[in-house]
Every structure is written in structure tokens, then in C-alpha cells.
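# Need a 3D model of the following:
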Amino acid sequence: MSSEFKGAIQKWAEENQVSDVCSVRDYLDDSGKEPFDPPVIAVVYFDGELLEAISGYNNEELEQSFSSLLAAHGFWYERDTGSTALVLPDEDSDYSAYAEYFHWKWVCSLVEEDVADVYEELYRHFEGRPDDLYNLHWREYEIILARLFQAQGFDVELGKGRGDEGVDIRLIKRDPIGDLVTLVQAKKYAKSNKIDQSKVAALYGVQKSENASSSIFVTTSTYAPVAKRFAARELVEGELFLADSTHVANWCSLASNGIIKDKSLLVSPAHVRSLLASIGEKRDPRLVHASFGYNSTHNEFALVVKESKYAALLMPIPRKTISDDGYGQRGFEVPYFDHDLPHLNAESVVRVRRKNRDGEVTYWSGERLYSVWDGEPCLFDYYD
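Numbers count the residues shown, from 1 in each chain. This next block holds a predicted model:
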């Protein structure tokens, strides 16, 4: 969402004296979900007089004024919830620039420690568009590389980013005889800014001074011939490896395929049966619950099949009614532990963002907020 459009919404709200009941946010900040087609330009929150106008209860002129404002920017709105609306581009217009922009913002949001291990799209993007690596912030570039090496089985130590003395990442292969350490230097340079011999020689010098087994120089640029000749020297070859965005694209392919394979294993019948058997019908931090509804109460249960610090994979679990009002409209329900679960597969897994605030863990899917089930039956109420 451009600052110009956000400013236009705020100005309109002030002029119509609804600024206290009208606000606007980016869709990504609001939901964390991958953009869809057509992309959501913004999410508008409303209440009071503006809610009544948009709901058609009062002040038709206010709703028309709001619609006209959006139309002037090539947008229209669609109700999302009782108090929100999604701002969308005109479907007859060329909105490819918006789609590309919001997809890129979403990709960048995934460049976060321990998130990429459940989002194969992050790696798929750079596998197909390696030149976009240059558009990352230099720290995001280092994080991407660290996660790629982690996906290859290395223990990874990501440097602090500044004052790293020429080493951005350390890769460690554990060995009973002695750990093997590889030093990595990352340079996010423009294509025209070729890496010269002095830079690769400096990394090789650090490698020797630390007695590391090897080193890798990675760049978004290319290497000057003199740098390549240095790496090909008899005493250097095999210890110093020069990588560019083509190599990174290949690493992305390996990583994304690994995530997909991992996800398939996690939802295999044997793995799911094992998880459910270990949980039983008791409270367990791997069993989560979400309650939702507008003028009604619905429940969803899910099993955490994989999680890291900032992300997780949830598998939906069926519900079982244990008591109701005789009509099935109000009562209590619990998760249903059917160990066969024939309906579950990789497509049923939901990716969520994980947060830990003072020891309380929650999972946000973009539509539902899950927390650990307390083991007590949950109320459902379908009466409006």
C-alpha cells in the first residue's frame, strides 16, 4: 500500500469526521498470508457511522463517497468481516505491478530466522528468479544463505552482521575426530561490481588463520578473471569455493524439495498415528484450539506436526460433540482422535506463524488464532 493511498484514506476520513472509526492497514501486516489474485491493496477497519453506512443502514452518501474515493485510485472494496473490508484493484485493469509488489513483500517477510523451513515458496521464488537476491537487504541475504546451508545439514552460526572480520557465516559438520568448519563470506553486489582477487584472497587468509577446513565466497555479482585464477591455484583449489546466484538458485531448489518431502513424511499415516497415540485424549502442547464466529461460536482443533521459533505446520483434527441441546445447535465438543484419519494428507496441512509472548504460545493462520487446548470441552453455539 502506497503512502499516497493511505494518506488519501486518512484525509477522507478526517473530512467526513469518521477518522476515529476508520483505519487502514497493509494486508500482509494484518494477516501474514500469501497474496492472492487479485492482490489485496489494503484492509480498511470501520465502526460507528461508517460501519452503518457500509452496511446499508444509514447515510448512503457516506458509502458512495467512500466508493468514489477508491474508484478514483482504480480500486473497489469487498466486505471481509463485520468490521473490515478488502480494497482490491479493478479486475479489468492491469494489476500485475501490484501483484508482483505484494508477492515480493510477502517473500521478504519469510526471510526471518526459522520461518523458511516450512515455506518452500520462499526458496521457489529465488530458484526461479535468482536476480531478485540482489533486491534483498544485505542482512536478509545473509539469513537466506544461512538457512540454505542449514537445509543441507550444516550446523550454522550466523554472524552478528557488523564487525565480523570477513566471515558472515560459519558452517560446522560435527565429527567425533574433530568438527569440520567452513567459513562463508557473502557480498550482495550489483552485477557490474565484480569480485576481485583481494576479497577472495582475504577470505582464504582468514580460513588459514583459523585453521578452517574450507571457505565459500557467495555473491550476487560475478568474479573477475583474476579472482577465478586465484581460486584455481593448486594450493587453493578444493579449499576455496566461489559461488554466485546460479549456485544459490540450485541450493534453493534442493531446499524447497526438501521441505515438500519433509511435509509429506510429517503427514504420513504412521507419523500421525504415532503422534496421536502419544497424546491420547489429554492436554498436550501439540494439540491446539481456535474459537471463532460472528454472533455464533465455532471451534477448530489442530495438531502441531512441526514447529520452529516463528513458524509451524498444523494438521486439522475433527471435532466430536459430547453434549448438545437436542438440536445440535448448542453444546460442547472435543477433538476426535480417529487414528485412521483417512482424509488427512499434505494438502490439509496449514502453515501458521508462531509467537511466544511471556511463555504463551499462539499460532496465527491469517484467519484463525490457535492456542494450546486446555483439555476442557469447548462450547459451540450456532444460534444467531
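# which residues of this structure score low on pLDDT?
1, 30, 32, 107-119, 163-164, 175-178, 258-273, 280-282, 338-347 (pLDDT under 70).
# Which segments of the chain make up each domain?
3-93, 111-252, 279-381 (automatic domain parsing).
# I'd like these as JSON lines, with mean neighbour count and distance to K105 appended.
Glycine gets a C-beta too; all of them are placed from N, C-alpha and C. What follows is these, written out as JSON lines (neighbours: other C-beta atoms under 10 Å; distance: least, C-beta to C-beta, whole Å):
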{"stretch": "domain 3-93", "mean neighbour count": "16", "distance to K105": "6"}
{"stretch": "domain 111-252", "mean neighbour count": "17", "distance to K105": "11"}
{"stretch": "domain 279-381", "mean neighbour count": "16", "distance to K105": "15"}
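# how about these in TSV, adding distance to A99?
Output for the domains of the chain, formatted as TSV (distance: least, C-beta to C-beta, whole Å):
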stretch	distance to A99
domain 3-93	5
domain 111-252	13
domain 279-381	18
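# I figured S65 hits N16, correct?
Yes. Between S65 and N16 there is a contact under C-beta atoms under 8 Å: 6.6 Å.
# Identify the contacts common to those two.
Residues touching both S65 and N16 by C-beta atoms under 8 Å, 6 or more residues apart in numbering: none at all.
# for the chain, longest strand please?
strand 298-307 (DSSP state E).
# So what touches it?
118, 262-263, 266-267, 271-272, 275-276, 279, 285-292, 312-319, 333-335, 349-350, 354, 363, 368, 370, 373, 378-380, 382.
# May I have the secondary structure class of the closest residue to R25 other than its chain neighbours?
Nearest residue to R25, sequence neighbours excluded (C-beta to C-beta, 6 or more residues apart in numbering): V43, at 5.1 Å. Secondary structure, DSSP: H, G, I helix; E, B strand; the rest coil: V43 is strand.
# so V43 makes contact with V24?
Yes. Contact status for V43 versus V24: in contact at 7.0 Å, counting by C-beta under 8 Å.
# Mutual contacts of these two, please.
With C-beta under 8 Å, 6+ apart as the test, V43 and V24 both reach V87.
# show me where the stretch 251-384 of the chain has helices.
Assignment of helices within the stretch 251-384 of the chain using DSSP state H, counting those that start in this stretch yields the ranges 269-279.
# in it, which spans are strands?
In the stretch 251-384 of the chain, the strands defined using DSSP state E, counting those that start in this stretch lie at 287-292, 298-307, 311-317, 319-324, 330-335, 350-357, 360-364, 369-372, 378-381.
# okay, these in TSV with distance to E34 next?
Shown next, in TSV, are the strands of the stretch 251-384 of the chain (distance: least, C-beta to C-beta, whole Å):
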stretch	distance to E34
strand 287-292	19
strand 298-307	18
strand 311-317	13
strand 319-324	27
strand 330-335	27
strand 350-357	9
strand 360-364	14
strand 369-372	18
strand 378-381	29
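# G7 - that's part of a helix, no?
Yes. With three-state DSSP as the criterion, G7 is part of a helix.
# that older thread, what's across from the residue nearest to R25 in the sheet?
Assessed by DSSP bridges, V43 has beta-bridge partners R25, L86.
# so how far is T321 from it?
For V43, the distance to T321 equals 34 Å [C-beta to C-beta, to the nearest Å].
# Repeat that for A42.
Distance from A42 to T321, by C-beta to C-beta: 40 Å.
# got it, and S68?
49 Å.
# Name the surrounding residues that touch stretch 243-261.
By C-beta under 8 Å, 6+ apart, stretch 243-261 touches 116-124, 126-128, 130-131, 133-134, 144-145, 147-149, 151-152, 216-223, 346.
# Would you report which members of those are assigned to helices?
Under the assignment DSSP state H, these contribute 120-124, 126-128, 144-145, 147-149, 151 to helices.
# OK, contacts around L88?
Counting by C-beta under 8 Å, 6+ apart, L88 has contacts 38-41, 75-78.
# Can you identify the element that follows the host helix or strand of it toward the C-terminus?
Using DSSP states H and E, L88 falls within strand 84-89. Sequence order places helix 96-110 as the next helix or strand after strand 84-89, per DSSP H and E.
# Residues contacting that next one, please?
Here helix 96-110 has contacts from 26-28, 32, 34-35, 37-41, 89, 116, 119, 121-122, 125, 132, 135-136, 140, using C-beta under 8 Å, 6+ apart.
# So what pairs up with A186 in the strands?
Beta-bridge partners of A186, as defined by DSSP bridges: V218.
# wouldn't it be in contact with I169 here?
Yes. Using C-beta under 8 Å, A186 is in contact with I169, at 7.0 Å.
# okay, and the common contacts of those two?
With C-beta under 8 Å, 6+ apart as the test, A186 and I169 both reach 142, 145.
# what sits against W12?
Here W12 is in contact with 65-66, 69 (C-beta under 8 Å, 6+ apart).
# Make a markdown table out of those and add distance to K191.
Formatted as a markdown table, the contacts of W12 follow (distance: C-beta to C-beta, whole Å):
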| residue | distance to K191 |
| --- | --- |
| S65 | 49 |
| F66 | 46 |
| L69 | 42 |
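# Among those residues, which lie within helices?
Short answer: the contacts of W12 in helices (DSSP H) are 65-66, 69.
# Name whatever forms a beta bridge with the residue lying closest to G293 once chain neighbours are set aside.
Spatial nearest neighbour of G293, chain neighbours left out: D381 (7.9 Å); criterion: C-beta to C-beta, 6+ apart. On the basis of DSSP bridges, D381 is bridged to T297, R330.
# Now do D381 against H289, distance only.
From D381 to H289 the distance is 15 Å (C-beta to C-beta).
# likewise V156?
As judged by C-beta to C-beta, V156 and H289 stand 34 Å apart.
# again, but for N257
In terms of C-beta to C-beta, N257 sits 33 Å off from H289.
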